[in-house]
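> just coords:
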């Protein structure tokens, strides 16, 4: 296998899909997330219906109970808040190369299990489209990838993966159409450098970690929205607005940030093998700040 002489890892040559990554979760994970949100919706709605059915005197008793035990409830809320803050603080780490601080709860071992599940399904679906190792397109991509990896062995994370030309932790997918379009090896090196950057920066694990937090907040929000708002329609509307807010203010914003980070780090990776013809492009960017 290629690169064995450089470090004790292997590189597999397959092509199928490239570019923007899609973080895939196993079916069980998706199902459990939907079940939790459904339970939060049912629980919240049940609380609302139960409270509405209480006689006036029972409502007064409930309010008095809450006021009487307010310190206990505030203590529980404060304890949960402090525990959450400690959890977040102890799971903050710096990204390799760029040093950006981020919340990370997914370990590499956990990520490997998730990725292998998603990758197996994708490989089966793509089997008939995979080009052989002997094809000219495959050889071209492997050659460029070899140069990129060999020139960047000093970067943290490069040696940690079994690299394959297929982007989910160490796997890169490239379409034949893209290879035909990018007839310049230097341009293709920039694309591959971008995808390699996603891997060594751990963007998949970071996105999954963020997804865990937003999903948990979504379950909590669903419970309170459905228990507090007066009708099903207002609850539907409020939860729809909440989901859109999370999508545009957190998820898409984070996605843009990781893509920009992968662009900068990817240029640094590609710059080590790019020919002098394109050197002026990199001279205009401050890659030393990464």
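Structure received. Everything quoted here is computed from the prediction, not taken from an experiment.

> Let me see the contact set for the closest residue to residue 144 other than its chain neighbours.
Distances taken as C-beta to C-beta, 6 or more residues apart in numbering place residue 189 nearest to residue 144, at 5.2 Å, with adjacent residues excluded. C-betas here are computed from N, CA, C, even on glycine. The contact partners of residue 189, by C-beta atoms under 8 Å, 6 or more residues apart in numbering, come to 144, 147-148, 270, 273-274.

> Top of those by number of neighbours, please.
Highest neighbour count within these: residue 270, with 28 neighbours (other C-beta atoms under 10 Å).

> Quick check: phi and psi on it?
Backbone torsions of residue 270, given as degrees, to the nearest 10, read phi -70, psi -30.

> Quick check: it vs residue 192, distance?
Residue 270 sits at a distance of 8 Å from residue 192 (criterion: C-beta to C-beta, to the nearest Å).

> Can you give me the buried ones in the helix or strand that contains residue 265?
According to DSSP states H and E, residue 265 maps onto helix 252-271. Judged by neighbour count using 16 or more other C-beta atoms under 10 Å, the buried positions of helix 252-271 are 254-255, 258-259, 261-262, 264-271.

> got it, and stretch 196-209?
196-209.

> Rebuild these as CSV, extending it with secondary structure.
Output for these, formatted as CSV (DSSP: H, G, I helix; E, B strand; the rest coil):
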residue, secondary structure
196, helix
197, helix
198, helix
199, helix
200, helix
201, coil
202, coil
203, helix
204, helix
205, helix
206, helix
207, helix
208, helix
209, helix
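
> What is the nearest of these to residue 92?
For these, the closest approach to residue 92 (C-beta to C-beta) belongs to residue 209, at 10.7 Å.

> which element follows the strand or helix carrying residue 50 toward the C-terminus?
Following DSSP H and E, one finds residue 50 within helix 27-52. The element immediately downstream of helix 27-52 (helix or strand, assigned by DSSP H and E) is helix 56-68.

> Spatially, which residue comes closest to residue 214, not counting chain neighbours?
Take residue 214 and drop its neighbours on the chain: the residue closest to it by C-beta to C-beta, 6+ apart is residue 246, 5.6 Å away.

> How much space separates the one you found from residue 200?
28 Å.

> Outside of the helix holding residue 265 itself, list whatever touches it.
For helix 252-271, with C-beta under 8 Å, 6+ apart as the criterion, the contacting residues are 20, 95, 97-98, 100, 148, 151-152, 155, 186, 189-190, 192-198, 200-201, 203, 206-207, 210, 282, 285, 287, 290.

> returning to what we had before: could you tell me how many residues sit around the residue nearest to residue 214?
Applying other C-beta under 10 Å, we find 16 residues neighbouring residue 246.

> I'd say it and residue 222 touch.
No - when contacts are counted by C-beta atoms under 8 Å, residue 246 is not listed as touching residue 222 (11.9 Å).

> Mutual contacts of residue 270 and residue 192, please.
Contacts common to residue 270 and residue 192, judged by C-beta under 8 Å, 6+ apart, are residue 148.

> Against which helices or strands is the strand or helix carrying residue 213 packed?
Under the criterion of DSSP H and E, residue 213 resides in helix 203-228. If you count contacts as 3 or more C-beta pairs under 8 Å, 6 or more residues apart in numbering; DSSP states H and E, helix 203-228 packs onto helix 27-52, strand 101-103, helix 108-126, helix 232-246, helix 252-271.
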